[in-house]
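Chemist: got a predicted structure here, sequence first:
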Amino acid sequence: MTAAAHQGAPVRPRVAVLGAGAWGSAMALVLADAGADVRLWARRPELAARIGRDPLRPQNPDYLPGVVLPPTVSATADVGVALDGVELVVLAVPLQRLREQLTGWAGRIPAVPVVSLAKGVETATGRFATEVVLEASGVPEDRVVALSGPNLAAEIAARDPAATVLACVDEDVAHRVADLCTTPVFRPYLSTDRIGVDIAGACKNVVALAVGITEGAGHGANARAAILTRGLAETTRLGLALGANESTFAGLAGVGDLVATCASPLSRNHRAGIALGRGASTAEALLAARGTAEGVASAPAVLARARAAGVRMPITVEVVALVEGRTTAAEGAERLLSRTRTLDGP
Ligand SMILES: NC(=O)C1=CN([C@@H]2O[C@H](COP(=O)(O)OP(=O)(O)OC[C@H]3O[C@@H](n4cnc5c(N)ncnc54)[C@H](O)[C@@H]3O)[C@@H](O)[C@H]2O)C=CC1
Ligand SMILES: O=C(CO)COP(=O)(O)O
């Protein structure tokens, strides 16, 4: 027993956040505010050193400029140090890099809940984020939790109020994770529809690109709302085909995240979409995003998954064509508007 525990001081749970980009760093702040000692793992030793230069005022200016993290966040580039004695592991690595990292950490992840923060589809396999976690880590399904919702990292790091969804097939595990990350301004809701939450998060990035494209092409609020709503309809269609619950798409991880991402200039996918709509190349749009815009890599994989399931996703089709340089925003809009008349809804 430590001296602190012996004297009755509360013992802070220890948690690991693996990935020190914007979202990993913001979640480290939330977990620390909720009472945890957080080990934030950065792939690059120089980033870990920069974050921890002043241990009383840790900062990650490259990803969260102007934000001082709580002193109970410590950074390391040694994953063994990060994982030592933790009650929770949070994965905050961009999706296209997640499998290689998890494979490298094989056998090192302790038997605790593992939370996946990524939103996307792996291009090589068509797998959604928690499917990659399950396959590459060997962690059983009842310990894998998808966290997703309207959660722009900069707003969370500024302690602006927000809600999110924690989805796990075992609701008790989602409750345990919620206990570790609830703060006065960060409120988790629970779900058992892990795959639905994953699908919603991946597809909203593609829809955010489409809304940005519409905006960049100079169209107004009506057009943007049409793309958002019909984007949600095709996302729901895919979800239903893959076994998700329809209600998930009407919740925080569905319409909630779409509204936040499609409305906010903080969204990297939104910014990339605006650039594409103005005629930028995909490479230029990725630079304009200033950070990971998962929708660009994920869109073709979402479409492949939809086609394999026999699901129509006309907006995603046009995003993919534009990202692959096969069409223009104007041609895409014309095709979408001239499609065969159909019923509203998914
Ligand atoms: N930033 C946000 O507001 C939110 C992001 N997300 C999701 O979280 C995931 C991570 O995004 P962000 O932290 O925002 O990205 P980011 O662009 O801010 O940072 C990505 C981080 O990953 C690191 N990285 C790159 N390759 C890596 C590798 N092979 N192994 C380990 N780390 C590597 C980068 O150095 C950087 O530190 C994405 O899937 C994103 O969609 C979800 C909700 C909110
Ligand atoms: O997922 C997000 C907000 O919920 C962040 O969106 P971007 O990845 O587009 O910045």
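Modeler: The structure has been received and is ready for your questions. Since we're looking at a predicted model, the values are computed, not measured. Ligands and ions are numbered 1, 2, ... in the order given.

Chemist: close to ligand 1, is stretch 283-299?
Modeler: Yes. Applying CB under 6 Å from any ligand atom, one finds stretch 283-299 in contact with ligand 1 at 291-292, 294. (Glycine included, C-beta is placed from N, CA and C.)

Chemist: name the element Ser74 belongs to?
Modeler: Here Ser74, judged by DSSP states H and E, is contained in strand 73-76.

Chemist: please name every helix or strand in contact with that strand.
Modeler: Packed against strand 73-76 by the contact rule (3 or more CB pairs under 8 Å, 6 or more residues apart in numbering; DSSP states H and E) you find helix 22-33, strand 37-41, helix 45-51.

Chemist: TSV for these, including distance to Ser267?
Modeler: TSV is the format used below for these (distance: least, CB to CB, whole Å):
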stretch	distance to Ser267
helix 22-33	11
strand 37-41	23
helix 45-51	23
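
Chemist: which one of these lies closest to ligand 1?
Modeler: Ligand 1 lies closest, by CB to the nearest ligand atom, to one member of the helices and strands packed on strand 73-76: helix 22-33, at 3.4 Å.

Chemist: and the average pLDDT for the helix or strand where Glu334 lies is what?
Modeler: Assigned by DSSP H and E, Glu334 falls within helix 329-337. Across helix 329-337, pLDDT averages out at 98.

Chemist: ok so, going back, which other residues reach the strand holding Ser74?
Modeler: Contact partners of strand 73-76, identified using CB atoms under 8 Å, 6 or more residues apart in numbering, comprise 20, 28-29, 32, 37-42, 47-49, 51-52, 55, 58, 60, 82.

Chemist: also stretch 42-52?
Modeler: By CB under 8 Å, 6+ apart, the residues outside stretch 42-52 that reach it are 19-20, 25, 40-41, 58-62, 69, 73-77, 93, 101.

Chemist: just the C-alphas of it, formatted as CSV.
Modeler: What follows is stretch 42-52, C-alpha atoms only, in CSV (Å, rounded to 0.1, in the frame of the first residue of the first chain):
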residue,chain,number,x,y,z
ALA,A,42,3.3,9.8,-28.1
ARG,A,43,4.9,7.9,-30.9
ARG,A,44,7.6,10.5,-31.3
PRO,A,45,9.9,10.9,-28.3
GLU,A,46,10.4,14.6,-29.1
LEU,A,47,6.7,15.2,-28.9
ALA,A,48,6.5,13.4,-25.5
ALA,A,49,9.4,15.6,-24.3
ARG,A,50,7.7,18.7,-25.5
ILE,A,51,4.4,17.9,-23.8
GLY,A,52,6.2,17.2,-20.5
